[in-house]
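Visitor: heads up, no residue letters with this:
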């Protein structure tokens with residue numbers, strides 16, 4: 001009886017390990033596919049009144065796309081049009097934020113075209129890339145089309 005119980009426990013443990021390896025492979029494959037889509041950076045996101053969420057951001061032609069770090073979907077969780085996104089202020093993270101976001105991050109408060117604000121936590125080099133991406137918009141792209 002005890003041998004059968006030990007064998008069942010071994011099979012259960014093996015099944016758990018297989019599921020764990022498959023989940024890790026899925027997360028790694030998703031990150032690889034996101035990286036292939038263009039410039040991606042690690043980026044924390046916090047909307048007003050919310051908590052920090054860790055993720056990956058991607059600069060597309062006219063959109064800043066944010067994906068959860070452990071999501072399964074290839075669709076972005078948040079999308080910010082370039083013409084609506086503006087960095088208002090930046091600051092070093094608090095001690096509590098460092099424990100969540102990790103060291104070496106800068107918190108940038110961004111205005112979303114009159115519809116509120118969002119905080120982004122980026123490495124300093126990634127923040128420089130974000131600012132360059134925002135400033136490199138084609139001339140007139142920030143103007144609304146008047147018909």
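Guide: Structure's in. What do you need? Since the structure is predicted, the reported quantities are computational estimates derived from the model, not experimental observations.
Visitor: output the contacting helices and strands for the least confident helix or strand in the chain by mean pLDDT.
Guide: The weakest-scoring helix or strand in the chain, judged by mean pLDDT, DSSP states H and E, is helix 2-36 (a mean of 79). Applying 3 or more Cβ pairs under 8 Å, 6 or more residues apart in numbering; DSSP states H and E, one finds that helix 2-36 makes contact with strand 53-59. C-beta coordinates here come from the backbone N, C-alpha and C atoms, glycine included.
Visitor: so what strands line up beside the helix or strand following the strand it packs on?
Guide: Per DSSP states H and E, the first helix or strand lying C-terminal to strand 53-59 is strand 63-68. Using DSSP bridges, strand 63-68 pairs in its sheet with strand 53-59 (antiparallel), strand 78-81 (antiparallel).
Visitor: what residues does strand 63-68 touch?
Guide: 34, 43, 45, 53-58, 73, 76-82, 85, 130, 133 (Cβ atoms under 8 Å, 6 or more residues apart in numbering).
Visitor: what do you get if the cut-off is 7 Å, keeping everything else the same?
Guide: 34, 43, 45, 53, 55-58, 76-82, 85 (Cβ atoms under 7 Å, 6 or more residues apart in numbering).
Visitor: so which of the strands paired with strand 63-68 is the most surrounded?
Guide: strand 53-59 (a mean of 20; mean count of other Cβ atoms under 10 Å).
Visitor: now the element after the least confident helix or strand of the chain, going C-ward?
Guide: Past helix 2-36, the next helix or strand by DSSP H and E is strand 40-47.
Visitor: can you redo the strands paired with strand 63-68 as CSV with distance to residue 17 and mean pLDDT?
Guide: Below are the strands paired with strand 63-68 laid out as CSV (distance: least, Cβ to Cβ, whole Å; pLDDT from 0 to 100):
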stretch, distance to residue 17, mean pLDDT
strand 53-59, 25, 91
strand 78-81, 34, 92
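Visitor: out of these, which comes closest to residue 110?
Guide: Closest of the strands paired with strand 63-68 to residue 110 is strand 78-81, at 7.7 Å (criterion: Cβ to Cβ).
Visitor: after the closest one comes which helix or strand?
Guide: Next element after strand 78-81 (DSSP H and E): strand 85-91.
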